[in-house]
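Colleague: Structure of the sequence below:
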Amino acid sequence: AVKAVLDAEGGEARALVNASAPYHLTTVNEQWCSIFGFEAKEVVGRSFRIFQGPGTDDASLAQLMSAQDSSSIVSFTTTLYDRNGAPHFCKIEGMRVPNE
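Modeller: Prediction:
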């Protein structure tokens with residue numbers, strides 16, 4: 001299931017985040033690394049908070065995290081920030097991915 005999520009159609013950037021606080025990144029794909037300016041080994045295991053900033057919609061992120069136990073998909077747009085602090089307007093789709 002994880003490989004299917006990361007094999008992005010149309011070059012989409014994708015990251016998987018642990019469903020429990022502090023929401024560590026568990027894996028990212030090459031497109032994601034290219035956009036955010038990190039290598040996977042630099043961010044895997046770190047909190048998703050490193051990409052948040054003044055334009056990030058905290059209420060939507062909280063909704064995403066509270067929906068972690070359901071089978072529904074949560075979708076919203078927000079601003080995340082790359083390695084250099086540049087903003088990126090991102091569509092976030094959160095869903096539970098079963099362990100393999």
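Colleague: Skipping adjacent residues, who's closest to residue 15 in space?
Modeller: Among residues not flanking residue 15 along the chain, residue 28 sits closest, at 4.4 Å (Cβ to Cβ, 6 or more residues apart in numbering). (Glycine included, C-beta is placed from N, CA and C.)
Colleague: Kindly report the same for residue 78.
Modeller: Leaving out its chain neighbours, the residue that sits closest to residue 78 by Cβ to Cβ, 6+ apart is residue 57, at 4.1 Å.
Colleague: for residue 92, helix, strand, or coil?
Modeller: Look at residue 92: counting by DSSP: H, G, I helix; E, B strand; the rest coil, its state is strand.
Colleague: That one contacts residue 77, correct?
Modeller: Yes - if you go by Cβ atoms under 8 Å, residue 92 and residue 77 touch, sitting 7.1 Å apart.
Colleague: Skip ahead from the helix or strand of the chain with the lowest mean pLDDT and say which helix or strand is next.
Modeller: Lowest by mean pLDDT, DSSP states H and E among the helices and strands of the chain is helix 2-6, with a mean of 58. Of the helices and strands lying after helix 2-6 in sequence (DSSP states H and E), the nearest is strand 15-17.
Colleague: Please compare residue 92 and residue 77 by neighbour count and tell me which comes out ahead.
Modeller: residue 92 (16 against 10; other Cβ atoms under 10 Å).
Colleague: Roughly how far does that one sit from residue 41?
Modeller: 23 Å (Cβ to Cβ, to the nearest Å).
Colleague: do residue 93 as well
Modeller: Taking Cβ to Cβ, one finds residue 93 at 25 Å from residue 41.
Colleague: between those two, who's got more neighbours?
Modeller: Shown here are residue 93 and residue 41; by other Cβ under 10 Å, residue 93 has more neighbours (11 against 8).
Colleague: Hmm, that one is touching residue 74, no?
Modeller: Yes - Residue 93 lies in contact with residue 74 (Cβ under 8 Å); the separation is 7.3 Å.
Colleague: Need the overlap of contacts for those two.
Modeller: Taking Cβ atoms under 8 Å, 6 or more residues apart in numbering as the contact rule, residue 93 and residue 74 touch no residue in common.
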